[in-house]
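In: this is the structure alone, sequence omitted:
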Ligand code: NDP
């Protein structure tokens, strides 16, 4: 820390959080800067060593206790989510509930997945014994978005903690209160050391965290910001996990359960006002069932209403600037010949009504870019080969959903994406044992599952000589006869392939 750097406490700089529906101020938080981030890392180094030192069994106890607190105070946390980012209270409740299984799974599985295991050493190395274990990196920085302000960052936080790391969490400037809640609750079960810390502020605070010397940075947010985060992290060779945007497709085969597919499409696309990284934004439907499916989907979308009142099943758009993006995509679709079956970008302040579009050319931004709003683009396809080709035509590749009675698994195998749900939506996010993450512009690295635990570790290999080797290969004492014998073994083991 240089003398010119000031902490958020010293500068006194703050920012306000407003409820996107009512515009009421729901909190004021400090804007932390570089000095705060540096201090947090210093504290986290000590806390991390302590946390690693208490061992996996004690960590599991603490993480189980954390789970208990969250479960008992779930209504309170759901209230903070609702106040800060505007999603309906029931959706906020569901979001928190889904984290609990991840907490249980990661805490229980960490020792098994990361603990020391023996590996085979091979025919030439019978004199050697080998083990591999996965050790915590030390201090992990987590930068999270606002759309699922508990579920999404906890996908990194929980797995990093279970792996034995200290964590510094910088939530979105739209949801700092959620971050504060999570950190405060954790300090109740781990009062000894600041194993989980909070930094609040805007993008500059996130950039400060990237530069602060963390051992890994887990970023969840847009693809554009991920590029900035990577550039900043490159200055210190800090590795990055990038969980970015998506343009997920839902495919409906000729034999699909159409009612189930329509219900899933409307939930996957419109829930959370469409502000889901794995939200359904494109729908490709087999021509044989297109008309029937369109009727069903139209009814489902038309039955929904966005608003800021307590009964509204769809909430407002959290980020004011996103309203313009959604409107631009709808306008582009219509300008290029698309038709509006429901909605059409009816905007009232931050509220965008659910919208269903058809006949939209694939070049439209409504199809090529992440809309992140309550819109669905529906298209008829000749067969499922065309549906797969269009699905894989996107630069994003996060998740996908397939509705088919007979060909679900086969079609899923042909989709280029991190996750595929068959006859369901979002299901892969709910199963703690499967990895979550994307390819292409949707990012890289994985949270959740065994991969998610290993993501926050480094592999540590130990190879031990158990007895004198039959052939002394790595020695200047090696003789021409040894080399001759090696030649024979190689011919025997590898030469017959
Ligand atoms: P942003 O990319 O705008 O912001 C994400 C986080 O990065 C925020 O905490 C933000 O802080 C911070 N940030 C902004 N600028 C910088 C910077 N220069 N350096 C470091 N940190 C910075 O995303 P949103 O919050 O708007 O979230 C929506 C996006 O997240 C969508 O694209 C969505 O698809 C994606 N997402 C991906 C998920 C996944 O798992 N793949 C899951 C959920 C969302 P601040 O808010 O204070 O500016």
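Out: Cool, the structure landed. Predicted model, so just to flag it, every value in this text is computed and none were measured.
In: going by C-alpha atoms from here, please, whenever you check contacts or count neighbours.
Out: OK.
In: write out the residues of the chain neighbouring the ligand.
Out: 143-146, 152, 171-173, 201-204, 206-207, 220-222, 225, 228-229, 243-246, 277, 437 (C-alpha under 6 Å from any ligand atom).
In: just these: which are in helices?
Out: 152, 203-204, 206-207, 225, 228-229 (DSSP state H).
In: make a PyMOL selection of the buried ones in those residues.
Out: The following PyMOL line selects those of those that are buried, judged by 16 or more other C-alpha atoms under 10 Å:
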select buried, resi 152+203+206+207+229
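In: now for the ones in helices among the residues of the chain next to the ligand: which two are most distant?
Out: 152 and 204 (20.7 Å; C-alpha to C-alpha).
In: can you name the residues in contact with stretch 21-29?
Out: Residues from elsewhere that reach stretch 21-29 (C-alpha atoms under 8 Å, 6 or more residues apart in numbering): 14-19, 83-84, 86, 176-177, 200-201, 307-308, 315-316, 350-351.
In: again, only this time at 10 Å
Out: For stretch 21-29, the external contacting residues (C-alpha atoms under 10 Å, 6 or more residues apart in numbering) are 8, 12-19, 80, 82-87, 173, 175-177, 180, 199-201, 307-309, 315-318, 349-351.
In: so how far is it off the chain centroid?
Out: Its chain's average C-alpha position is 26 Å from that of stretch 21-29, according to C-alpha atoms, centre = their mean, to the nearest Å.
In: and what of stretch 144-157?
Out: 7 Å.
In: how long is that stretch end to end?
Out: One end of stretch 144-157 sits 10 Å from the other (C-alpha to C-alpha, to the nearest Å).
In: what residues does residue 262 make contact with?
Out: Each residue near residue 262 by C-alpha under 10 Å, 6+ apart is listed here: 250, 252, 268, 283, 293-301, 403.
In: select from those every entry located in strands.
Out: 250, 252, 283, 403 (DSSP state E).
In: if I look at the third one, how far off is residue 404?
Out: When distances are taken as C-alpha to C-alpha, residue 283 and residue 404 turn out to be 14 Å apart.
In: residue 460 bridge partners, please.
Out: Per DSSP bridges, the residues bridged to residue 460 are residue 133.
In: which residue would be the closest one in the stretch 1-150 of the chain to the ligand?
Out: residue 145 (3.5 Å; C-alpha to the nearest ligand atom).
In: contacts only, for that residue.
Out: Counted by C-alpha under 10 Å, 6+ apart, residue 145 has contacts 152-153, 170-175, 219-222, 244.
In: what do you get for residue 433?
Out: Residues near residue 433 by C-alpha under 10 Å, 6+ apart: 101-102, 105-106, 109, 448-452.
In: now the phi/psi pair for it, please.
Out: When quoted as degrees, to the nearest 10, the phi and psi of residue 433 stand at phi -80, psi -10.
In: pLDDT wise, what is it at?
Out: pLDDT, residue 433: 98.
In: contacts only, for residue 495.
Out: Contacts of residue 495 by C-alpha under 10 Å, 6+ apart are 487-489.
In: same question for residue 112.
Out: For residue 112, the contacting residues are 56, 450, by C-alpha under 10 Å, 6+ apart.
In: next, it: phi, psi?
Out: Torsion angles, degrees, to the nearest 10, at residue 112: phi -70, psi -40.
In: residue 426 too?
Out: phi 60, psi 0.
In: that one: neighbouring residues, count only.
Out: 21 (other C-alpha atoms under 10 Å).
In: wait, it sits on residue 400?
Out: Yes: assessed by C-alpha atoms under 10 Å, residue 426 is found in contact with residue 400 at 8.7 Å.
In: which of the three states applies to residue 140?
Out: Of the three states, residue 140 takes strand under DSSP: H, G, I helix; E, B strand; the rest coil.
In: who has more neighbours out of residue 283 and residue 404?
Out: residue 283 (25 against 21).
In: OK, contacts around the more buried one?
Out: Residue 283 makes contacts with 248-252, 262, 265, 269, 358, 376-381, 387, 391, 400-402, as judged by C-alpha under 10 Å, 6+ apart.
In: which residue ranges of the stretch 1-150 of the chain form strands?
Out: Taking DSSP state E, counting those that start in this stretch, the strands of the stretch 1-150 of the chain run over residues 14-18, 25-30, 117-119, 128-136, 139-143.
In: quick one: contacts of the longest one?
Out: In this structure, residues lying in contact with strand 128-136 by C-alpha under 10 Å, 6+ apart are 48-49, 52, 110-111, 113-122, 160-166, 215, 453-469.
In: okay, and the common contacts of residue 426 and residue 400?
Out: When contacts are counted by C-alpha under 10 Å, 6+ apart, the set common to residue 426 and residue 400 consists of 278-280, 419-420.
In: between those residues, which is closest to residue 342?
Out: residue 280 (16.4 Å).
In: put the buried members of the contacts of residue 262 into a PyMOL selection.
Out: Selecting only the buried entries of the contacts of residue 262 in PyMOL, with 16+ other C-alpha under 10 Å as the criterion:
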select buried, resi 250+252+268+283+293+294+296+297+298+300+301+403
